[in-house]
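Asks: Using only what follows, build the 3D model:
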Amino acid sequence: MHALLEANQGAAPSYGADRWSADALEALRNVFETDLEVWMTSSGTAANALGLSCLCPSTSLILCHDEAHIERDERGAPEFFTGGGRLSLLSGAHGRIGADVLQARLRLNRPEFVHETPAAVLSISNLTECGTLYRPHEVRALADLAHDAGLRVHLDGARFANALVSADCSPADLTWRAGVDVMSFGAGKNGAMGCEAILLFGEARSLKGDLLTRAKRSGHMPPKMRFFSGQMLAYLRDGLWLDLARHANASAQALSQALLGFPDAELAHPVDGNEVFVRLPQDAADRLSAAGARFYPWPDGAFRFVCSWATRPDEIEAVRVIASALRAGR
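Replies: This next block holds a predicted model:
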């Protein structure tokens with residue numbers, strides 16, 4: 001809020017030509033230790049779809065996990081923004097694409113065969129939609145396979161901060177050093193009011209002009225970019241984004257233990273970040289709902305709980321109390 005008030009003082013150039021946007025670009029370059037390019041948007045869906053549209057022609061495919069956010073939760077936005085590019089779905093335990101699965105799919109990719117739609121992009125999510133982590137060597141293994149087959153690599157980093165503190169490595173090691181070309185760098189799910197960044201690494205920096213054209217045409221070129229950039233500066237300053245993610249991750253670990261206190265409860269996926277996927281008896285889910293808890297039924301039969309920078313210890317303690325009461329038959 002203070003950053004937005006500061007950015008609201010006086011006049012400033014439009015469309016990212018302001019000093020806040022210049023400072024945010026420099027801050028991101030420092031964090032990622034490279035000469036990247038950036039464009040800010042207001043939502044993760046816009047960031048993913050715009051970034052992918054620069055990588056995937058309308059006549060090609062995007063390879064992604066069958067539980068990826070771009071498949072499950074973006075209402076066809078990648079197809080819409082690419083003008084016809086399609087998603088091709090891959091499998092893998094706990095939301096992670098298996099290297100053997102990707103390798104087998106790439107063997108079938110024949111760009112020279114006119115009757116087949118060729119793959120142009122590999123998109124991975126970190127954290128995944130199952131709340132699990134790709135470590136740097138796992139990202140590298142997938143990126144190497146993709147690059148060897150002539151594909152570019154996109155990273156959906158809506159929960160990148162949570163992945164990063166879990167992996168305990170540098171932002172560079174988990175992205176461009178591991179082979180990522182373009183990423184969506186999320187801040188909204190980790191405390192920002194509304195700010196996501198599309199980051200272009202290495203040779204993909206040459207796509208900046210195309211990205212700006214697509215952003216303008218699709219209505220994602222905000223004239224007062226300084227309000228996005230001001231948020232990003234506050235987010236990165238003094239490692240705030242990492243502190244927020246650590247709190248969310250630690251809260252998820254505590255919540256997972258509280259939820260496992262319910263009779264017959266079991267985790268559906270490892271808790272690598274700020275999300276907990278747990279299978280609960282229906283009476284346990286009903287007790288939690290009646291007490292005011294809000295959680296999401298997942299397609300695989302589990303329930304999805306999400307912790308944040310604002311999760312309080314008393315909220316987790318309330319879950320423990322309900323679990324204890326149910327075990328005691330009360």
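
Asks: For residue 185, give me its contacts.
Replies: By C-beta atoms under 8 Å, 6 or more residues apart in numbering, the contact set of residue 185 is 28, 47, 157, 160, 196, 197, 198, 199. All C-beta atoms are positioned from the backbone trio N, CA, C, and that covers glycine.

Asks: Repeat that for residue 248.
Replies: Shown in contact with residue 248 (C-beta under 8 Å, 6+ apart): 162, 190, 273, 274, 307, 308, 309, 311.

Asks: Switch the residues you listed over to a markdown table; also include pLDDT and neighbour count.
Replies: Shown next, in a markdown table, are the contacts of residue 248 (pLDDT from 0 to 100; neighbours: other C-beta atoms under 10 Å):
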| residue | pLDDT | neighbour count |
| --- | --- | --- |
| 162 | 98 | 30 |
| 190 | 97 | 22 |
| 273 | 98 | 28 |
| 274 | 98 | 32 |
| 307 | 98 | 24 |
| 308 | 97 | 16 |
| 309 | 97 | 19 |
| 311 | 98 | 19 |
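
Asks: okay, those in CSV with secondary structure and distance to residue 51 next?
Replies: Below are the contacts of residue 248 laid out as CSV (DSSP: H, G, I helix; E, B strand; the rest coil; distance: C-beta to C-beta, whole Å):
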residue, secondary structure, distance to residue 51
162, helix, 20
190, helix, 19
273, coil, 21
274, coil, 23
307, coil, 27
308, coil, 24
309, coil, 25
311, coil, 29
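
Asks: Going by distance to residue 174, which of those residues wins?
Replies: Checking the contacts of residue 248 against residue 174 with C-beta to C-beta, the nearest one is residue 162 at 11.6 Å.

Asks: ok, and the closest non-adjacent residue to the closest one?
Replies: Nearest non-adjacent residue to residue 162, counting by C-beta to C-beta, 6 or more residues apart in numbering: residue 273, 3.6 Å away.

Asks: Same question for residue 84.
Replies: Nearest to residue 84 is residue 58, by C-beta to C-beta, 6+ apart, at 3.8 Å.

Asks: three-state assignment of that neighbour?
Replies: coil (DSSP: H, G, I helix; E, B strand; the rest coil).

Asks: what does residue 121 give?
Replies: strand.
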